[in-house]
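**Q** with the input below, show me the fold.
(one chain, ligands or ions: 1)
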Amino acid sequence: MENRNRQVLLKRRPTGAPTPDDFTIADAPLPEPAEGEVLVRGMYLSLDPYMRGRISGQRSYARPVEVAAVMEGRVVGEVARSRDPAFREGDFVLGGYGWQLYSAVPGQGLLKLDPAEAPLSTALGVLGMPGLTAYVGLAEIGKPQPGETVVVSAASGAVGAVAGQLAKRAGARVVGIAGGADKCRWVEAELGFDAGIDHRSADLGPALDHACPKGIDVYWENVGGAVQQAVFPRLNDFGRMIMCGMVAEYNDVEPRPGPNLMSAVRKRLKIQGFIVSDQWQRFAEYRAMAAPLLKGGELRYREDIVEGLDRAPEAFIGLLQGRNFGKLVVKLADDQTRGARS
Ligand SMILES: NC(=O)c1ccc[n+]([C@@H]2O[C@H](COP(=O)([O-])OP(=O)(O)OC[C@H]3O[C@@H](n4cnc5c(N)ncnc54)[C@H](OP(=O)(O)O)[C@@H]3O)[C@@H](O)[C@H]2O)c1
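**A** Next comes the predicted model:
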């Protein structure tokens with residue numbers, strides 16, 4: 001074990017797109033676990049679009065990261081020392097320890113992970129918060145029916161890939177919108193979507209008309225902006241819009257004008273936002289459903305793994321521009337279980 005901790009701190013609140021200068025990388029003393037706590041050595045750090053909201057300082061559903069504080073984030077790690085009888089050295093756990101190599105955290109609230117069930121890093125993506133997001137958004141808002149058409153934006157990403165696959169399993173026709181030909185090919189060939197549309201090159205409106213000849217019944221909103229403008233007029237009567245996120249607008253300094261909502265009345269649309277943290281009680285249910293599918297190859301996923309904590313700011317900036325391909329994860333330390341499984 002090293003005797004220093006390494007951390008990424010928020011240096012200042014960004015205006016517009018974040019830059020590397022908005023973050024500081026610093027060394028700190030190794031934290032000491034108190035009674036009831038464990039010292040966790042991070043192995044994988046999750047980078048997620050919601051973090052842009054946390055560093056903006058705007059009023060939201062969660063408290064912002066303070067300037068000079070460690071950036072917030074979920075981590076999969078290994079217990080290095082335990083002062084909680086429920087955990088032993090060498091246990092693998094999931095928790096929120098932030099952008100740092102080590103953390104002393106209460107054992108309560110940590111989820112123990114079994115590397116034989118699935119690769120540990122999947123607890124941050126397909127078997128983690130993004131997977132649960134896809135599951136509850138579809139179950140509670142989208143409710144796709146057999147034969148309906150579901151359009152998913154950011155379709156190759158952590159949430160979109162699961163949402164589209166679950167909609168396929170419900171019997172829907174699924175069209176993914178993604179940035180670039182490689183991502184579109186992947187959602188068709190690997191995830192089994194019926195079509196993939198490149199929002200960067202395609203004339204989105206005609207491409208949607210071609211891919212959705214019966215219109216759109218459910219739209220999984222991940223990006224907002226031009227994609228939303230193209231999808232919204234194509235929603236069918238009684239269409240549902242699952243408002244999960246609008247990542248294309250997170251760096252905006254001023255809010256953009258929204259769509260004209262008259263058609264929501266005329267078409268009897270349902271437009272509903274949700275926040276996954278209101279649904280943590282369904283996490284075990286989701287994992288019990290999804291883990292066997294993952295093991296059997298029926299639920300597929302892709303990770304974009306960046307090596308080393310120091311690269312976290314640059315990778316996070318890229319996430320807000322679509323540079324990631326799959327669930328974005330930072331590898332903090334070697335994972336011996338990965339070699340052992342394959
Ligand atoms: N409501 C909730 O509780 C909840 C929970 C988790 C996530 N979310 C939201 O779900 C969405 C997806 O999150 P994720 O973790 O799965 O991320 P992700 O899709 O793995 O990565 C973000 C993706 O967004 C797309 N994107 C980024 N900037 C864009 C731009 N300017 N224009 C168009 N597309 C852009 C890119 O995909 P392309 O290259 O394909 O465009 C990028 O790969 C985000 O909006 C996030 O905030 C919400």
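
**Q** please make it C-alpha for all contacts and neighbour counts, starting now.
**A** Will do.

**Q** just how off-centre is stretch 146-159 within its chain?
**A** 14 Å (Cα atoms, centre = their mean, to the nearest Å).

**Q** next one: stretch 170-182
**A** Per Cα atoms, centre = their mean, the centroid offset for stretch 170-182 relative to its chain is 17 Å.

**Q** also stretch 288-302?
**A** Worked out by Cα atoms, centre = their mean, stretch 288-302 lies 17 Å from the chain centre.

**Q** one more: stretch 235-251?
**A** 16 Å.

**Q** what mean pLDDT does that stretch have?
**A** Mean pLDDT, stretch 235-251: 98.

**Q** do that stretch and the ligand meet?
**A** Yes. Against the ligand, stretch 235-251 shows contacts by Cα under 6 Å from any ligand atom at 244-248.

**Q** among these, which are in helices?
**A** For those, not one is inside helices, with DSSP state H as the criterion.

**Q** residues in contact with the closest residue in space to Ser46 that isn't next to it in sequence?
**A** Leaving aside its sequence neighbours, Ser46 sits nearest to Val329 (Cα to Cα, 6 or more residues apart in numbering; 4.8 Å). Counting by Cα atoms under 8 Å, 6 or more residues apart in numbering, Val329 touches 44-47, 121, 124, 303-306.

**Q** narrow those residues to those in strands?
**A** 44-46, 303-306 (DSSP state E).

**Q** ok, back up a step: would CSV of the contacts of Val329 with neighbour count, pLDDT and distance to Gly36 be doable?
**A** What follows is the contacts of Val329, written out as CSV (neighbours: other Cα atoms under 10 Å; pLDDT from 0 to 100; distance: Cα to Cα, whole Å):
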residue, neighbour count, pLDDT, distance to Gly36
Tyr44, 31, 98, 23
Leu45, 30, 98, 23
Ser46, 26, 98, 25
Leu47, 25, 98, 28
Ser121, 27, 98, 25
Leu124, 26, 98, 24
Glu303, 18, 98, 33
Asp304, 16, 98, 34
Ile305, 19, 98, 32
Val306, 19, 98, 32
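
**Q** how about the residues of the stretch 1-150 of the chain near the ligand?
**A** So the stretch 1-150 of the chain meets the ligand at 48-50, 130, 133 (Cα under 6 Å from any ligand atom).

**Q** how about a cut-off of 5 Å?
**A** 48-50 (Cα under 5 Å from any ligand atom).

**Q** quick one: which of the residues you listed is nearest Leu299?
**A** Nearest to Leu299 among these, counting by Cα to Cα, is Asp48 at 20.7 Å.

**Q** so that closest one touches Val330, yeah?
**A** No. Using Cα atoms under 8 Å, Asp48 makes no contact with Val330, being 11.0 Å away.

**Q** ranges for the strands of the stretch 151-300 of the chain?
**A** Here the stretch 151-300 of the chain has its strands, by DSSP state E, counting those that start in this stretch, at 173-178, 195-198, 216-221, 235-243, 270-273.

**Q** tabulate those strands (JSON lines), appending mean neighbour count.
**A** Shown next, in JSON lines, are the strands of the stretch 151-300 of the chain (neighbours: other Cα atoms under 10 Å):
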{"stretch": "strand 173-178", "mean neighbour count": "27"}
{"stretch": "strand 195-198", "mean neighbour count": "24"}
{"stretch": "strand 216-221", "mean neighbour count": "27"}
{"stretch": "strand 235-243", "mean neighbour count": "21"}
{"stretch": "strand 270-273", "mean neighbour count": "15"}
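
**Q** show the pLDDT at Ala62.
**A** pLDDT, read off for Ala62, is 87.

**Q** how about the secondary structure of it?
**A** Assigned by DSSP: H, G, I helix; E, B strand; the rest coil, the conformation of Ala62 is coil.

**Q** now the residue nearest to it when sequence neighbours are not counted: phi and psi?
**A** Closest residue to Ala62 apart from its sequence neighbours, by Cα to Cα, 6+ apart: Arg54 at 7.5 Å. Dihedral angles of Arg54 (phi, psi; degrees, to the nearest 10) stand at phi -70, psi -30.
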